[in-house]
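In: what would the 3D arrangement of this be:
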Amino acid sequence: MTTNPLHFSTFSNSAIQMQDNIDFLHTGIIQSLTTAIEGNYVVSGCNVTQSAGSSRTNFAVAAGTYRKDHTLLTFTGGNYDLQSNPHSTIGYDWYGLLVITGASSVSIRSTVNGTSSPTTVTGSLAPQVPDFTQGDVIVGVIKVVGSTVAQWSSSSDDRPFQFLTYHTDAPTSLWLKEGSAPTDVAGYGSIYVKTDNNLYFNSDAAGELQLGAGGDFTISDGATTQTISTGNTLTFAAGSGLDVAVSATDTVTYTADVSDFMTNGANNYIVTATGTDGMNAEANFTFDGSTYSCTCDSATFTSATTNEPIMYISNTTNDATGGGLIFTNTRTTGNQADDDTIGAIQFKASDSAVSGATVYTSITGSISDVTNNDEGGKIAFKAMSGGTGGTAALNELLSLGGEDVANATKCEVVVNEAGIDCDFRVESDSNSAMLKVDAAGDRVGINSSTLLSGFNIGTSLNLDHATYSSATQTLDDTSPPFVIGKNTAHVGGMTITFPDPTTCEGRLIIYYTIPGSTDPITLDVATNNFSSGSTLTPNAAGNYVIVIATDVGGGVGFWLELIKNF
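Out: Down below sits the predicted model:
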C-alpha cells in the first residue's frame, strides 16, 4: 500500500519515480490541471492499493473525503481494473487518471477522443496523456511503462503512481475583498464585503441583506441550531418553534420554549409566557387585519412618562357613527338571568391606607329583565359616600331604567337609591338651588336654598288656568285648577260637572266668571253634592267659588266650598 501524503507526491523508489522531462513536460502541468477542474479534489484518505485484478492490475481506493462543486462529500471506497494494455515498444509510455466518479465509484481514464492509448504506435505524436472528463475528482496519475507485463503478480509490478490531492483537514478561511455590491445575476446569489466593512448577501429575489452585526439574520427551519452574536435580529419563519439551550458557561436574559405557542393558523397571536416552556393559555391577543380580540382576566395600561395613559377609540370612515366601547356578557340564553351584570367601569385610586385599591366611583350596566321582547336594562352610577352618617361605602346615587315586566317594576330614573344623606340639586342660569331636595331634612324646595318646611317655594306662585265657553263642561283630574267662564257662555245658564271627590281627594279648583254675568251657573257632581248649594247666582262681582275635594271615608266625599260668591 502507498499512503496518500495529501500533497503532490514523490516516491522514495527512484526506479519508478515520475520525473520532469521524462514522464511529463513538467509536473506543473499536473498542478495546473488540479486548479482547472473547479476545485474538485481529494481532501483526506482515499489511500490506493494495487493488486491482481480480473483484467490486469486492480486499483483499490480506500474511504476518504473529497470536495466536488464546492461541497464536502464522503467517499466509501471503490475498485477498478486497468483495462488497456501497455505499449509493446520499450520507452513508449502512457498515462491514466485514477478518478472518483461517485460516492463509491472510481474509474481510470485512459483514452483520447474515445480511443485507447496503447494501440499501434503511429509515431512520436501517439497519445500518451488521456482526456480528462469534467466532474471527475482526480485521486492520482498512473504510469504504464511500455513493454511491461500487463498482469500484476507481486508488489514489484506496482505501476508508478502519483497522488494529486490537497490536504484541507485543517480549518480554512474564505477571504472576501472589500468592494461595491456585485451586479445581480438572475438565479444566483452572492456573498460580498462592501466598503462599509459589512458582510452582505444578495440575490435577485431577496435583494441585499446585511449579515454582519446589527443586521437581520433569518432562520427558516425551527430545527436548526444557530449561535447568534449580540446585536443581531432574528426573524423566524413558520416552524415548530425555537429552543434555547443554556450551558454552564452561557449567560441569557430569558429562556423559553415557544414551540406550542402558535396553534391557530387563521389569526396572528401575541401571547404571554408563564416561564420556561409555559404559556398563559387564557391570555392572548389575536388580529387578522380587521378584527382584534384580547382574551385575559385583566389588562393594565401603564404610562411610561409623566402623562397619564390615554386610550383613543376613533372611527375614520365617512359616516355618522363614532367610536364605541362595547361590553358583552356572552353567557348562553339558558344561563342568562335578570340582574346579571353586563359590564362595569371602575375608577380606582389610593386612599390614606391602601395604594391604588379603593373604588371611588363606578358605572355598571346590567340586565333588569331578560325576557325576549320585554327586555329591560339598567345603568347605575355609584360613588363612595355616606361617611357623614358612619362608614363610607360605594352607594348607588343615580340609576336609569330597571324595568321588569314580570315583576311589575316600572322603568324609572332614581336619585339616591341608597337612601343616604345625599342632596339633589338642579341649577338654573343664575340660581344654584332652582330645585333642591334636602335628604337629611326630608324637604323639597323650588327656588329656595334654605328649606324650612316640607315644601318651600322661594318665589311667586302661578297656577295654570283654562277658559271654557261651552254651555256644559266636564272637569277631570287633569284640568287646570283655575277655570274661567266667559260672559257669552252664560246666556241661559251654564253647567259644570266636577269629578267624584273620592277619586281626587285634596284637589283644589277655583272658578269664576267675568263680572256682569246674569245667568246662573250649576255646579254638578256625578255622585255626591257640594257641601252647600250647587247653584251660583251672579252678583255684582260675578260668580266666584273655591272648592276642595274631601273624602270622609266609606266611599263618601264632598266638594267643600271654601269661598262662594264673595
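In: and the pLDDT for the closest residue to Tyr166 other than its chain neighbours?
Out: Spatially, and ignoring its direct neighbours in sequence, Tyr166 is nearest to Tyr41 (4.5 Å; CB to CB, 6 or more residues apart in numbering). All C-beta spots, glycine's among them, are computed from the backbone N, C-alpha and C. The per-residue pLDDT reported for Tyr41 equals 82.
In: give me the neighbour count for Tyr41.
Out: Using other CB atoms under 10 Å, Tyr41 has 20 neighbouring residues.
In: again, but for the one 5 residues further on
Out: Burial of Cys46 is recorded as 25 neighbouring residues (other CB under 10 Å).
In: ok, it - contacts?
Out: 4, 61-64, 66, 75, 100, 139, 165 (CB atoms under 8 Å, 6 or more residues apart in numbering).
In: run through the bridge partners of the residue nearest to Tyr166.
Out: With beta bridges defined as DSSP bridges, Tyr41 has these partners: Arg67.
In: hmm, back to that, I'd like to know which of the contacts of Cys46 are buried.
Out: Buried members of the contacts of Cys46, scored by 16 or more other CB atoms under 10 Å, are 4, 61-62, 64, 66, 75, 100, 139, 165.
In: so which of those comes closest to Phe381?
Out: For the buried ones among the contacts of Cys46, the closest approach to Phe381 (CB to CB) belongs to Tyr66, at 84.8 Å.
In: tell me the spacing between that closest one and Asn58.
Out: For Tyr66, the distance to Asn58 (CB to CB, to the nearest Å) stands at 21 Å.
In: first-to-last residue distance for stretch 40-51?
Out: End-to-end span of stretch 40-51 (CA to CA, to the nearest Å): 27 Å.
In: how about it: buried residues?
Out: For stretch 40-51, by 16+ other CB under 10 Å, it's 40-48, 50-51.
In: which of these fall within strands?
Out: The members of those that map onto strands under DSSP state E are 41-45, 48, 50-51.
In: just send those back as JSON lines, with distance to Ser432 too.
Out: Formatted as JSON lines, these follow (distance: CB to CB, whole Å):
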{"residue": "Tyr41", "distance to Ser432": "102"}
{"residue": "Val42", "distance to Ser432": "104"}
{"residue": "Val43", "distance to Ser432": "99"}
{"residue": "Ser44", "distance to Ser432": "101"}
{"residue": "Gly45", "distance to Ser432": "104"}
{"residue": "Val48", "distance to Ser432": "113"}
{"residue": "Gln50", "distance to Ser432": "120"}
{"residue": "Ser51", "distance to Ser432": "121"}
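In: closest to Asp158 among these?
Out: Proximity of those to Asp158 (CB to CB) peaks at Gln50, which lies at 4.9 Å.
In: that closest one is in contact with Arg159, isn't it?
Out: Yes - using CB atoms under 8 Å, Gln50 is in contact with Arg159, at 6.4 Å.
In: which residues do the two both contact?
Out: With CB under 8 Å, 6+ apart, Gln50 and Arg159 have common neighbours Thr57.
In: what about the strands in the stretch 451-566 of the chain?
Out: 455-457, 465-468, 472-474, 482-485, 494-498, 508-513, 521-525, 535-536, 544-553, 556-564 (DSSP state E, counting those that start in this stretch).
In: next, format those as JSON lines and append mean neighbour count, mean pLDDT and distance to Ala406.
Out: Shown next, in JSON lines, are the strands of the stretch 451-566 of the chain (neighbours: other CB atoms under 10 Å; pLDDT from 0 to 100; distance: least, CB to CB, whole Å):
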{"stretch": "strand 455-457", "mean neighbour count": "13", "mean pLDDT": "89", "distance to Ala406": "36"}
{"stretch": "strand 465-468", "mean neighbour count": "14", "mean pLDDT": "73", "distance to Ala406": "41"}
{"stretch": "strand 472-474", "mean neighbour count": "15", "mean pLDDT": "80", "distance to Ala406": "38"}
{"stretch": "strand 482-485", "mean neighbour count": "18", "mean pLDDT": "63", "distance to Ala406": "43"}
{"stretch": "strand 494-498", "mean neighbour count": "20", "mean pLDDT": "79", "distance to Ala406": "39"}
{"stretch": "strand 508-513", "mean neighbour count": "20", "mean pLDDT": "76", "distance to Ala406": "39"}
{"stretch": "strand 521-525", "mean neighbour count": "19", "mean pLDDT": "76", "distance to Ala406": "40"}
{"stretch": "strand 535-536", "mean neighbour count": "18", "mean pLDDT": "68", "distance to Ala406": "52"}
{"stretch": "strand 544-553", "mean neighbour count": "17", "mean pLDDT": "80", "distance to Ala406": "34"}
{"stretch": "strand 556-564", "mean neighbour count": "16", "mean pLDDT": "78", "distance to Ala406": "36"}
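In: between those, which gets nearest to Ser362?
Out: Nearest of the strands of the stretch 451-566 of the chain to Ser362, taken as CB to CB: strand 455-457 at 33.8 Å.
In: now for the closest one, which elements pack on it?
Out: strand 443-446 (3 or more CB pairs under 8 Å, 6 or more residues apart in numbering; DSSP states H and E).
In: who does the strand it packs on pair up with?
Out: strand 435-438 (antiparallel), strand 455-457 (parallel).
In: can you redo those strands as JSON lines with distance to Thr332?
Out: Listed next are the strands paired with strand 443-446 as JSON lines, based on distance: least, CB to CB, whole Å:
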{"stretch": "strand 435-438", "distance to Thr332": "43"}
{"stretch": "strand 455-457", "distance to Thr332": "51"}
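In: nearest to Asn373, out of these?
Out: Closest of these to Asn373 is strand 435-438, at 36.0 Å (criterion: CB to CB).
In: report the mean confidence score over the closest one.
Out: The model assigns strand 435-438 a mean pLDDT of 92.
In: give the buried residues for that strand.
Out: For strand 435-438, a neighbour-count test (16+ other CB under 10 Å) marks 436-438 as buried.
In: repeat for stretch 333-343
Out: Ile342.
In: what's the end-to-end length of that stretch?
Out: First-to-last residue span, stretch 333-343, CA to CA: 17 Å.
In: can you give the contact residues for it?
Out: Residues from elsewhere that reach stretch 333-343 (CB under 8 Å, 6+ apart): 327-329, 331, 364-370, 404.
In: now that stretch: average pLDDT?
Out: The average pLDDT for stretch 333-343 rounds to 91.
In: most widely separated two among the contacts of Cys46?
Out: Put simply, by CB to CB the two of the contacts of Cys46 set farthest apart are Ala63 and Thr165, 14.0 Å from each other.
In: quick one, domains of this protein?
Out: Taking automatic domain parsing as the criterion, the chain consists of the domains 14-163, 189-295, 425-457, 465-564.
In: could you tell me the least trusted of the ones you listed?
Out: Least confident of the domains of the chain, judged by mean pLDDT, is domain 189-295 with a mean of 59.
In: so who does the residue nearest to Tyr166 touch?
Out: Residues in contact with Tyr41 (CB under 8 Å, 6+ apart) are 34, 66-67, 137-138, 164-166.
In: quick one: which of the residues you listed is nearest to Val552?
Out: Arg67 (124.8 Å).
In: who does the nearest residue to Ser51 once chain neighbours are set aside bridge with?
Out: Of all residues not flanking Ser51 in the chain, Asn58 sits nearest, at 5.2 Å (CB to CB, 6+ apart). Using DSSP bridges, the bridge partners assigned to Asn58 are Ser51, Asp81.
In: quick one: Asn58 from Asn79, how far?
Out: Taking CB to CB, one finds Asn58 at 6 Å from Asn79.
In: again, but for Ala418
Out: Going from Ala418 to Asn79 by CB to CB gives 103 Å.
In: where do the strands sit along the stretch 1-150 of the chain?
Out: Under DSSP E, counting those that start in this stretch, the stretch 1-150 of the chain gives strands at 41-45, 48-52, 57-61, 64-68, 71-75, 78-81, 94-102, 105-109, 111-112, 115-116, 137-144.
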